[in-house]
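>>> Quick one, structure for this:
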Amino acid sequence: MASYAFLLILVLSGVAFFIGRSYGIAAITAGASSGVKPHSVPAYHGAYVAVWVGLPALVLVLLWLFLQGPVVDRLILASLPDSVTGGLSGPQLTLILSEIKNVAAGHEFTPPTPEIAAAAARYLSWAAIARWAMIVVILAMMLLAMFVARTRLAPRFRARNGVERALSIIMVASAVTAVLITLGIIFSLLFEAARFFQMVPVWEFLFGRRWEPQIPIREDQVAGLGAFGAVPVFAGTLLIAAVALAVAIPVGLFTAIYLVEYADHRVRAVVKPVLEVLAGIPTVVYGFFAVLVVAPAIRSGGMALGLATSPNSALAAGGVMGIMIIPFISSLADDALRAVPRAMRDGSLALGATRAETMTRVMLPAALPGIMGGVLLATSRAIGETMIVVMAAGLIATLTLNPLDGVTTVTVQIVTLLIGDTEFDSPKTLAAFALGLVLFLVTLAINVYALTIVRKYREKYD
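I've put the predicted structure just below:
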């Protein structure tokens, strides 16, 4: 029903635009006959009516959808007899509500009690009433807004100012929403990580060298005591990212230099689109390539040289990941080099410098902010990659600097710890938030360092 509501808003907003535009044309024509100069063109009159029809209705639908579920849930729980809900705690009431929703959806694992069956029927009825009430309310609201906004149209009406004011409100709301979402992510990481550090000492997590998060959840369950030393996980992440960047940075940067300074325009027209295709290949395809081609080739080569090589190695995962992030570096470096003023290049060549000297001493330093942006984006992509590491590097946390060994990364461990229906009440699941917090802080430090370098060279070459 929500999709129908959004479609209704879109259709009526379009209708409101054409109605407002028509009334605007009529008002301007009538004003012109009496010598009144119009303030806004008819398109702004139509946009003004469309904004007042669509924007409040959109806000109302979002609020309705946000509140409908909790309100209906509370009404359902309040309608149950005391014999069902009396003396139950919050989690137990949540289980009863889940059972009611499962029965309402037709997922009956056991025959429900008469009270639960009746509650499921009420749930379906009330949810349908809420959905149709939403449609009726927003339809009435949009028709009323269309009528009121249309009556305000006149030759001297400042429709353009109203539209620009509405756009400003939308942009401010978008910026505030982005900031609030960022703060929500940070606070959720901090809160859950703080719960984890109440169970596991910070020192053990940051400097421990054994990562075995499997712990017994029930008394009758056989499992290890659990070890949460994350140094092997951090080391594996840095090792794979280092291998990926060692492949991507030289290849991407040299490719950009060749395309900007040495390649013919026909070569550039072919090479650049082909490189950018690499950025659109799904990561699971890279993972298959790493497992089926790269990892066996590395193992065969290692065995031929007498080196102990793991079937899943950091070199295989990092090498394929480096191929994946080449377009991020080459495209941004290409754009940064081409943005350097032509006068700087011509001046260097006029003074007798070679093309290589001009590139290394003039263009690369001047384009360093853009190049650093590409390297930073590639670094973040390498640190945050999961699928290739799962398929080509493994899941076992090994403390090693040998790229021929199997390792794991922070993102892989986060996924592994949160697989399935889990409750955030044990160190095993809360460890994922601690890993996420460390990853967030490391990425933030990389950003700050890169911005420092960018600011330094920007001040030098501005």
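>>> Show the contacting residues for G252.
325-330, 333, 374, 378 (CB atoms under 8 Å, 6 or more residues apart in numbering). Quick note: C-beta positions are derived from backbone N, CA and C, even for glycine.
>>> of those residues, the lowest pLDDT goes to which?
Across these, the smallest pLDDT goes to G374, namely 82.
>>> Check V277 and give its pLDDT.
For V277, pLDDT reads 83.
>>> same question, the one 10 residues further on
Reading off the per-residue confidence, G287 sits at a pLDDT of 87.
>>> Who's the closest spatial neighbour of it, skipping the chain neighbours?
Distance criterion CB to CB, 6 or more residues apart in numbering; nearest residue to G287, sequence neighbours excluded, is M391 at 3.6 Å.
>>> What are the buried residues along the host helix or strand of L245?
Applying DSSP states H and E as the criterion places L245 in helix 231-257. Neighbour-count burial for helix 231-257, counted by 16 or more other CB atoms under 10 Å, picks out 231-245, 247-249, 251-253, 255-257.
>>> what's I129 in contact with, if anything?
Counted by CB under 8 Å, 6+ apart, I129 has zero contacts.
>>> what comes up buried for the helix or strand hosting it?
Assigned by DSSP H and E, I129 belongs to helix 114-151. In terms of neighbour count (16+ other CB under 10 Å), helix 114-151 has its buried residues at 115-116, 119-120, 122-123, 126-127, 130-131, 134, 138, 142, 145-146, 149-150.
>>> same thing with stretch 300-320?
302, 309-310, 312-320.
>>> Same question for stretch 270-281.
Buried, per 16+ other CB under 10 Å, within stretch 270-281: 272, 275.
>>> quick one: contacts for the residue nearest to G384 when sequence neighbours are not counted?
Spatial nearest neighbour of G384, excluding adjacent residues (CB to CB, 6+ apart): T411 at 5.8 Å. T411 sits next to 237, 383-386, 389, 439 when contact means CB under 8 Å, 6+ apart.
>>> which of these tops the neighbour count?
Greatest neighbour count in these, by other CB atoms under 10 Å, goes to V389: 31 neighbours.
>>> That one and L239 touch, don't they?
No - under the criterion of CB atoms under 8 Å, V389 makes no contact with L239, lying 10.7 Å away.
>>> Export the buried residues of stretch 300-320 to JSON lines and append columns for secondary structure.
Below are the buried residues of stretch 300-320 laid out as JSON lines (DSSP: H, G, I helix; E, B strand; the rest coil):
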{"residue": "G302", "secondary structure": "helix"}
{"residue": "T309", "secondary structure": "coil"}
{"residue": "S310", "secondary structure": "coil"}
{"residue": "N312", "secondary structure": "coil"}
{"residue": "S313", "secondary structure": "coil"}
{"residue": "A314", "secondary structure": "helix"}
{"residue": "L315", "secondary structure": "helix"}
{"residue": "A316", "secondary structure": "helix"}
{"residue": "A317", "secondary structure": "helix"}
{"residue": "G318", "secondary structure": "helix"}
{"residue": "G319", "secondary structure": "helix"}
{"residue": "V320", "secondary structure": "helix"}
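>>> Helix or strand for I329, just tell me which one.
Going by DSSP H and E, I329 is in helix 314-338.
>>> What is that helix packed up against?
helix 231-257, helix 265-277, helix 283-289, helix 295-304, helix 368-384, helix 387-392 (3 or more CB pairs under 8 Å, 6 or more residues apart in numbering; DSSP states H and E).
>>> Figure out which of those helices is closest to A57.
Within these, the stretch nearest A57 is helix 368-384; the backing value is 37.5 Å (CB to CB).
>>> for the closest one, which positions count as buried?
Buried, per 16+ other CB under 10 Å, within helix 368-384: 368-383.
>>> what's next to that helix, contact-wise?
237, 240-241, 244-245, 248-249, 252-253, 318, 321-322, 324-325, 328-333, 335-337, 339, 364, 409-411, 439, 442-443, 446-447, 450, 453-454, 457-458.
>>> could you redo the last one with a cut-off of 6 Å?
241, 244, 248, 321, 325, 328-329, 332-333, 336, 411, 450, 453-454, 457-458 (CB atoms under 6 Å, 6 or more residues apart in numbering).
>>> Can you flag the buried ones in the residues you listed?
Here, 16+ other CB under 10 Å leaves 241, 244, 248, 321, 325, 328-329, 332-333, 336, 411, 450, 454, 457 buried among those.
>>> Compile those into TSV and extend it with columns for distance to L58.
Formatted as TSV, the buried ones among the contacts of helix 368-384 follow (distance: CB to CB, whole Å):
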residue	distance to L58
A241	41
A244	42
A248	42
M321	40
I325	38
F328	35
I329	40
L332	35
A333	41
A336	39
T411	35
A450	38
V454	38
Y457	44
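>>> For those, name the two members farthest from one another.
T411 and Y457 (31.3 Å).
>>> quick one: contacts of stretch 309-326?
239-240, 243-244, 247-248, 251-252, 286, 290, 294-295, 298-299, 302, 378, 381-382, 385, 388-389, 392-394, 403-407.
>>> domain ranges for this protein?
2-157, 227-461 (automatic domain parsing).
>>> Let's have those domains in CSV, adding distance to F197.
Below are the domains of the chain laid out as CSV (distance: least, CB to CB, whole Å):
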stretch, distance to F197
domain 2-157, 24
domain 227-461, 7
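>>> Can you tell me which of those is nearest to T182?
domain 227-461 (10.5 Å).
>>> mind checking which of the helices and strands packed on helix 314-338 is nearest A43?
helix 265-277 (36.6 Å).
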